[in-house]
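Colleague: I'd like to go over a predicted model; first the sequence, then the structure.
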Amino acid sequence: MLKEHINYHHAPDKASRRTFTLRQKILSFFRLLGQKNIEIGKNIIIGRNVRFFLTDNAKLKIGDNSIIDDSVRFLLTKPNPTVEIGKQVALSYGCVIAAKNNITIGDYTRIGVGVIIRDNTHDYKKGTLLLQSDAIIKPVSIGSNVWICDRAFIFPGVTIGDNSVISVNSVVTQDVPEGTVVAGQPARVIKSVE
């Protein structure tokens with residue numbers, strides 16, 4: 001029997017990510033079994049082949065009724081990584097969440113296929129090997145009711161305002177004002193949400 005994460009104006013559909021089955025809940029339980037440093041809410045659905053790479057002091061929090069689709073990767077590495085995912089958030093197939101400090105994703109946000117969200121990048125310096133370079137680490141904050149379309153890249157230090165849309169293949173290097181649509185590489189505001 002299908003159950004819904006949220007009431008919707010259409011009848012429940014087994015292909016929709018707003019529904020879940022008892023089987024999915026049971027499999028999600030076993031996929032999280034033995035995972036340390038993960039705090040989960042109610043009705044969390046964890047897809048197949050989701051991988052958690054969590055350092056000893058990592059903290060990952062997933063809010064009620066959130067869905068982590070197949071093949072999502074969480075890379076929470078030193079020095080002090082924390083990722084907080086709000087309630088009724090969906091991360092689609094193949095997303096990567098890479099944190100060394102802090103990434104926050106607000107309630108009701110939808111994240112498309114293959115999106116990469118990082119709070120860190122290499123600090124390139126002339127004459128230094130990439131493997132020996134330090135990291136630039138800046139927190140990422142994604143608001144509530146945000147739609148991040150497929151294959152977007154969210155860079156360190158970015159804040160995305162509530163009710164915003166990040167278009168397909170966008171590279172977000174600067175803050176996104178609330179209620180706007182951004183697109184491009186680098187992304188820029190193209191209009192306000194109607």
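Modeller: Looks like it came in fine. Numbering: from 1, shown residues only.
Colleague: Okay, now the unreliable bits of this structure?
Modeller: Low-confidence segments of the chain, defined by pLDDT under 70: 1-19.
Colleague: so where do the helices sit in it?
Modeller: According to DSSP state H, the chain carries its helices in the segments 22-32.
Colleague: Looking at this protein, which residue reaches furthest from the middle?
Modeller: G127 (34.4 Å; CA atoms, centre = their mean).
Colleague: distance of it from N120?
Modeller: Spatial separation of G127 from N120 under the definition CB to CB, to the nearest Å is 22 Å. For the C-beta atoms, the positions are set from N, CA and C on the backbone; glycine is no exception.
Colleague: Over to E39?
Modeller: With the distance defined as CB to CB, E39 ends up 22 Å from N120.
Colleague: Looking at the two, which has the bigger crowd around it?
Modeller: Neighbours around E39 and N120, counted as other CB atoms under 10 Å, are more numerous at N120. The numbers are 23 against 10.
Colleague: Verify the stated contact: that one with P156.
Modeller: Yes: applying CB atoms under 8 Å, one finds N120 in contact with P156, separated by 5.7 Å.
Colleague: what residues are shared contacts of those two?
Modeller: Overlap of the contact sets of N120 and P156 (by CB atoms under 8 Å, 6 or more residues apart in numbering) consists of I136, I137, K138.
Colleague: can you pull the contacts of the closest residue to the last one other than its chain neighbours?
Modeller: On the basis of CB to CB, 6 or more residues apart in numbering, the spatially nearest residue to K138 that is not a chain neighbour turns out to be G157, at 3.2 Å. Contacts for G157 (CB under 8 Å, 6+ apart) come out as D119, K138, P139, V140.
Colleague: State the pair within these that is farthest apart.
Modeller: Pairwise distances across those (CB to CB) peak at 7.5 Å, for the pair K138 and V140.
Colleague: coming back round to it: if we take the shared contacts of N120 and P156, which one ends up nearest to S170?
Modeller: Out of the shared contacts of N120 and P156, the one with the shortest distance to S170 is K138. That distance is 18.4 Å, counting by CB to CB.
Colleague: Contacts only, for that closest one.
Modeller: With contacts defined as CB under 8 Å, 6+ apart, the neighbours of K138 are N101, D119, N120, P156, G157.
Colleague: so what's in contact with K138 and V140 at the same time?
Modeller: Taking CB under 8 Å, 6+ apart as the contact rule, K138 and V140 both touch D119, P156, G157.
Colleague: I figured the first one hits I103, correct?
Modeller: So the one you mean is D119. Yes: taking CB under 8 Å as the contact criterion, D119 and I103 are neighbours in contact, 5.3 Å apart.
Colleague: which neighbours do these two share?
Modeller: Here D119 and I103 have P139, V140 as joint contacts, going by CB under 8 Å, 6+ apart.
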